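S.K.: sequence and predicted structure are below.
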Amino acid sequence: MSWEGIQNVVQLYSALLAIPLNLLLIFLIVCRSPKEIGTYKYLMIYISVFEIIYAIIDVVVSPFAHSYGSTFLVIVNMKKTKLSSWIIRILLSAYCGFYGSSMAVFGLHFVFRYFVATGSKLLKTFNSWMIIIWFSIPVLIGFTWSILTYWPCAKREATDRYIKNNILETFNLNLDQIEYISPYFYEIGENGTLTIYWPSFVGIGVNFCIINTSIFIIVYFGYKCYKILNSILPESRKSEKNRRLQNQLYIALVTQTLIPVILMHIPVSTLYFCSFFSLNLGSASGIAPLTIALYPVLDPLPTMFIIGQYRHSLYRGLCWIKTVFFRQKQHNTDDIEMSERNRSDL
């Protein structure tokens with residue numbers, strides 16, 4: 001199987017796992033959340049819906065990555081899709097937008113956790129129609145990322161000329177058989193002159209500022225929450241129970257945030273870095289789509305297993321399935337024994 005094929009298989013099976021896992025988590029949030037979670041459950045559902053949509057786009061687009069010289073490409077093999085080129089271009093831009101807004105989604109969660117820890121008056125905005133404004137922030141960031149990724153990084157003549165032979169040699173694909181997004185930083189002209197393509201620098205630079213701002217918000221408010229949670233002394237059994245829940249929510253959120261940092265942003269940042277310095281990664285760049293595909297599969301797991309109420313519900317559900325399975329198995333065994341006994345009596 002080709003490297004491209006391996007990436008596509010991982011994307012398919014990751015989506016098939018990510019969708020039911022996130023739906024299960026939504027069920028736990030809606031039906032098994034303790035009352036103390038309050039409005040935060042809407043933010044938790046928001047993440048799960050985000051990851052379901054991301055997984056669907058990932059498997060529909062099925063992009064694969066390739067690094068070559070002063071650029072890297074996010075490629076879609078048009079021979080493997082029945083969708084038209086303009087739809088694939090839109091979905092590919094949306095795919096990049098979801099990547100760009102992933103940290104903003106978690107940044108929003110840390111801001112909320114800080115408001116809870118400090119008892120801020122702004123917490124009331126999450127209990128009213130203004131929660132729509134909060135939810136729209138990652139959407140706007142994702143839209144900005146999509147535009148700034150597509151506009152300076154879309155297919156164009158200079159990039160086509162630079163990558164044409166390499167794509168044909170590496171993947172046996174002509175340029176009319178692919179759609180791609182590619183930040184081409186240093187253009188080589190027809191006479192061999194080297195020119196900086198500033199739109200790529202500006203677009204990618206703004207996108208990096210957006211990502212780093214989201215990461216700063218996560219680190220800043222995450223550290224503030226950590227200090228506050230460790231300074232609170234429980235005054236009663238009820239407050240101890242609430243403190244334990246808040247700690248579980250905080251640990252689950254930190255773990256959830258580390259997953260996209262490790263699986264998404266470190267691999268993609270490596271691609272940007274290598275392209276900026278014209279370092280050719282070749283097929284090793286395919287690791288990025290593989291790890292990105294794993295993100296929506298792994299991300300719901302910390303919430304399921306760290307928060308006690310959800311963990312106990314899953315355990316009871318597994319015990320019920322086990323009981324039903326063995327009861328059915330025992331019933332079938334009894335029927336066989338009864339049948340054999342009847343035959344022997346005859």
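M.R.: That came in fine, so what should we check first?

S.K.: just checking, which helix or strand of this structure averages the lowest pLDDT?
M.R.: The weakest-scoring helix or strand in the chain, judged by mean pLDDT, DSSP states H and E, is helix 308-345 (a mean of 70).

S.K.: distance-wise, check Gln309 relative to Leu229.
M.R.: The gap separating Gln309 from Leu229 is 18 Å, by CB to CB, to the nearest Å. Placement of C-beta: from N, CA and C, glycine included.

S.K.: list the contacts of Pro300.
M.R.: 18, 21-22, 24-25, 48, 51 (CB atoms under 8 Å, 6 or more residues apart in numbering).

S.K.: how about 10 Å then?
M.R.: By CB atoms under 10 Å, 6 or more residues apart in numbering, the contact list for Pro300 reads 18, 21-26, 28, 44, 47-48, 51-52, 256, 259.

S.K.: cross those against helices and list the overlap.
M.R.: 18, 21-26, 28, 44, 47-48, 51-52, 256, 259 (DSSP state H).

S.K.: so Ile259 sits against Tyr295, correct?
M.R.: Yes - with contact taken as CB atoms under 10 Å, Ile259 and Tyr295 are classed as touching, separated by 6.2 Å.

S.K.: now do the shared contacts for the two.
M.R.: Shared contacts of Ile259 and Tyr295, defined by CB under 10 Å, 6+ apart, comprise Ser102.

S.K.: dump stretch 181-200 to PDB, restricted to CA.
M.R.: Coordinates of each C-alpha in stretch 181-200 appear next as PDB, following Å, rounded to 0.1, in the frame of the first residue of the first chain:
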ATOM      1  CA  ILE A 181      -3.100  24.300  -0.800                       C
ATOM      2  CA  SER A 182       0.600  25.200  -0.600                       C
ATOM      3  CA  PRO A 183       2.500  28.100   1.000                       C
ATOM      4  CA  TYR A 184       5.200  28.800  -1.600                       C
ATOM      5  CA  PHE A 185       7.600  31.100   0.200                       C
ATOM      6  CA  TYR A 186      10.500  31.600  -2.200                       C
ATOM      7  CA  GLU A 187       9.500  31.600  -5.900                       C
ATOM      8  CA  ILE A 188      11.900  30.500  -8.600                       C
ATOM      9  CA  GLY A 189      11.200  32.400 -11.800                       C
ATOM     10  CA  GLU A 190      11.500  31.200 -15.300                       C
ATOM     11  CA  ASN A 191      15.100  32.600 -15.600                       C
ATOM     12  CA  GLY A 192      16.100  31.100 -12.200                       C
ATOM     13  CA  THR A 193      15.700  34.300 -10.100                       C
ATOM     14  CA  LEU A 194      14.600  33.900  -6.500                       C
ATOM     15  CA  THR A 195      11.700  36.100  -5.400                       C
ATOM     16  CA  ILE A 196      10.000  36.200  -2.000                       C
ATOM     17  CA  TYR A 197       6.200  35.700  -2.300                       C
ATOM     18  CA  TRP A 198       5.000  38.000   0.400                       C
ATOM     19  CA  PRO A 199       1.300  37.000   0.500                       C
ATOM     20  CA  SER A 200       2.300  33.500   1.700                       C
END
